[in-house]
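Student: mind folding the following:
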Amino acid sequence: MSILFTPIQLGGVTLNNRIIMAPLTRCRSDDKRIPTQLMQQYYRQRASAGLIISEGTCISPMSVGYPNTPGICNTQQIINWQLITDEVHNAGGKIFMQLWHVGRLSDPYYLNGKLPVSSSNIAAQGNVSQLRPITPYIAPKSLTIAEIKETIQHFKRAAHNAKKAGFDGVTIHGANGYLIDQFIQDNCNIRKDEYGGSIENRSKFMLEVTDAVCEVWDPAYVGMHLSPRCDRQIDKGDSTPLETFSYIASELGKKKLAFIFARASISNDNLHLKLKTAFKGSYIINQEIKKDIAEKLITNKEADAVAWGQLFISNPDLVYRFEHNRALNNPLPEFFYSGGSKGYIDYQFCNN
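Tutor: The predicted structure is shown next:
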């Protein structure tokens with residue numbers, strides 16, 4: 001039997017397999033950012049994953065940066081997320097909510113006319129996602145110390161709401177150029193106060209968010225999403241990624257988190273293994289990894305589980321297909337953010 005199908009203990013949660021559904025923005029909530037019936041069916045279809053990490057979920061009205069992404073800020077959002085977690089649990093699955101703040105990767109269009117916020121007043125390169133006509137990112141407002149503390153409390157409140165909604169745990173989105181990453185990466189954090197400058201200072205916001213979330217959830221039910229490699233597509237980068245993320249991994253390890261989920265392609269520098277070693281805990285790796293490579297990574301103890309994103313979009317029964325070596329459906333990118341059922345809940349299951 002493939003090692004992908006062996007159980008694993010991630011913190012306080014036992015998974016039936018090591019095939020993780022990566023968080024995926026799909027833009028299928030309603031216009032009030034309330035989860036929909038379509039989302040219930042989508043997540044239920046994929047409940048055979050060892051663990052589902054939900055799409056990024058907005059922690060506050062100022063955290064949004066895409067159309068129709070769900071929130072976890074009010075009673076109706078909590079109620080509708082509970083319908084989704086019930087569906088996943090009834091199908092035998094487990095699901096963590098990903099807590100999300102996009103920071104500067106937003107626009108006043110999404111924020112009732114307000115400026116996006118970030119670590120510093122530096123605009124990202126590129127254009128606002130899904131906004132038409134095409135609109136370049138604008139320079140954000142640099143958060144004050146008081147606003148940083150308030151944002152940390154928004155993460156804490158969202159973690160509390162996720163518990164109300166029946167999730168098995170939460171993952172903090174510290175990756176992909178979003179707000180927490182904007183504090184970590186020195187290409188966009190030029191602060192001169194306690195949240196800027198040294199690696200320790202630039203990591204402070206993430207670690208304080210983590211502490212706040214762990215006041216709500218035992219650390220054994222909290223994961224962290226990182227993306228340690230530079231990525232020019234999302235205008236993120238750090239001048240010393242090994243040193244920066246080794247420090248972060250080590251500090252998160254001291255907090256005894258359930259796992260690190262790392263968007264970290266395999267390369268000759270073995271960055272993924274170095275960070276796993278620094279963390280000393282369960283490490284989920286994600287970035288277009290083929291099944292046979294995933295098996296080798298786990299067998300060689302370079303990862304504990306592997307996550308797939310686009311393959312779970314197009315193959316709701318990906319676990320079955322991997323187990324029985326069945327052909328895979330190809331994803332249809334034109335429907336990733338389209339808002340309807342096409343390319344969302346209508347991908348074919350295997351016919352055995």
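
Student: strands of the stretch 251-352 of the chain, start to end?
Tutor: All strands of the stretch 251-352 of the chain, identified by DSSP state E, counting those that start in this stretch, fall at 259-263, 283-286, 305-308.

Student: which residues touch residue 333?
Tutor: For residue 333, the contact set (CB atoms under 8 Å, 6 or more residues apart in numbering) is empty. All C-beta atoms are positioned from the backbone trio N, CA, C, and that covers glycine.

Student: make TSV from the strands of the stretch 251-352 of the chain and add mean pLDDT and mean neighbour count to it.
Tutor: Rendered in TSV, the data for the strands of the stretch 251-352 of the chain read as follows (pLDDT from 0 to 100; neighbours: other CB atoms under 10 Å):
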stretch	mean pLDDT	mean neighbour count
strand 259-263	93	27
strand 283-286	94	26
strand 305-308	97	25
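
Student: would TSV of those with distance to residue 121 be doable?
Tutor: As requested, the strands of the stretch 251-352 of the chain are arranged in TSV below (distance: least, CB to CB, whole Å):
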stretch	distance to residue 121
strand 259-263	27
strand 283-286	32
strand 305-308	34
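
Student: residue 116: neighbour count?
Tutor: With neighbours defined by other CB atoms under 10 Å, the count for residue 116 comes to 26.

Student: doesn't residue 103 make contact with it?
Tutor: Yes - with contacts counted by CB atoms under 8 Å, residue 116 reaches residue 103, the gap being 6.5 Å.

Student: show me the common contact partners of these two, please.
Tutor: When contacts are counted by CB under 8 Å, 6+ apart, the set common to residue 116 and residue 103 consists of 65, 140.

Student: could you pull out the helices for the stretch 201-350 of the chain?
Tutor: Using DSSP state H, counting those that start in this stretch, the helices of the stretch 201-350 of the chain run over 241-254, 271-279, 291-299, 310-314, 318-323.

Student: so which of the strands of the stretch 251-352 of the chain gets nearest residue 6?
Tutor: strand 305-308 (10.1 Å; CB to CB).

Student: about what we covered before: between the helices of the stretch 201-350 of the chain, which gets nearest to residue 68?
Tutor: helix 310-314 (16.4 Å).

Student: pull the CA atoms of the closest one into PDB?
Tutor: Extracted C-alpha coordinates of helix 310-314, given in PDB (Å, rounded to 0.1, in the frame of the first residue of the first chain):
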ATOM      1  CA  GLN A 310      -5.900  22.100  -9.000                       C
ATOM      2  CA  LEU A 311      -6.100  18.300  -9.000                       C
ATOM      3  CA  PHE A 312      -8.700  18.400  -6.200                       C
ATOM      4  CA  ILE A 313     -10.600  21.000  -8.300                       C
ATOM      5  CA  SER A 314     -10.900  18.700 -11.200                       C
END
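
Student: and that helix, which residues are buried?
Tutor: Taking 16 or more other CB atoms under 10 Å as the neighbour-count basis, helix 310-314 is seen to contain the buried residues 311-314.

Student: what comes into contact with it?
Tutor: Contacts made with helix 310-314 from outside it, assessed by CB under 8 Å, 6+ apart, are listed as 21-22, 24, 26, 46, 49, 318, 328-332, 336, 343, 347.

Student: what do you get for stretch 101-117?
Tutor: When contacts are taken as CB under 8 Å, 6+ apart, the neighbours of stretch 101-117 outside the stretch itself are 56, 58-67, 118-119, 122-124, 128-129, 131, 135, 137-143, 147, 151, 154-155, 173, 177-182, 188, 234.

Student: so how far is residue 284 from residue 300?
Tutor: 15 Å (CB to CB, to the nearest Å).

Student: got the helices of the stretch 201-350 of the chain as TSV, with distance to residue 161 columns?
Tutor: Compiled in TSV, the helices of the stretch 201-350 of the chain are given as follows (distance: least, CB to CB, whole Å):
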stretch	distance to residue 161
helix 241-254	23
helix 271-279	27
helix 291-299	33
helix 310-314	25
helix 318-323	29
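
Student: ranking the ones you listed by mean pLDDT, which is last?
Tutor: Averaged per stretch, pLDDT over those is lowest on helix 271-279, reaching a mean of 90.

Student: what is that helix packed up against?
Tutor: Using 3 or more CB pairs under 8 Å, 6 or more residues apart in numbering; DSSP states H and E as the contact criterion, the elements in contact with helix 271-279 are helix 241-254, strand 259-263, strand 283-286.

Student: give the buried residues for that helix.
Tutor: If you call a residue buried by 16+ other CB under 10 Å, then helix 271-279 has these buried ones: 271-273, 275-279.

Student: cool, and stretch 336-351?
Tutor: Of the residues in stretch 336-351, 336-337, 339, 343-345, 347 count as buried by neighbour count, 16+ other CB under 10 Å.

Student: any idea how far apart the tips of that stretch sit?
Tutor: With CA to CA, to the nearest Å applied, stretch 336-351 spans 24 Å between its terminal residues.

Student: doesn't residue 68 make contact with residue 30?
Tutor: Yes - under the criterion of CB under 8 Å, residue 30 makes contact with residue 68 at 7.0 Å.

Student: ok, the two, which is more surrounded?
Tutor: residue 68 (19 against 15).

Student: surely the more buried one is in a helix?
Tutor: No - under the criterion used here (DSSP: H, G, I helix; E, B strand; the rest coil), residue 68 is coil, not part of a helix.

Student: the nearest residue in space to it that is not next to it in sequence: neighbour count?
Tutor: Leaving out its chain neighbours, the residue that sits closest to residue 68 by CB to CB, 6 or more residues apart in numbering is residue 27, at 4.4 Å. Taking other CB under 10 Å as the neighbour definition, residue 27 ends up with a count of 17.
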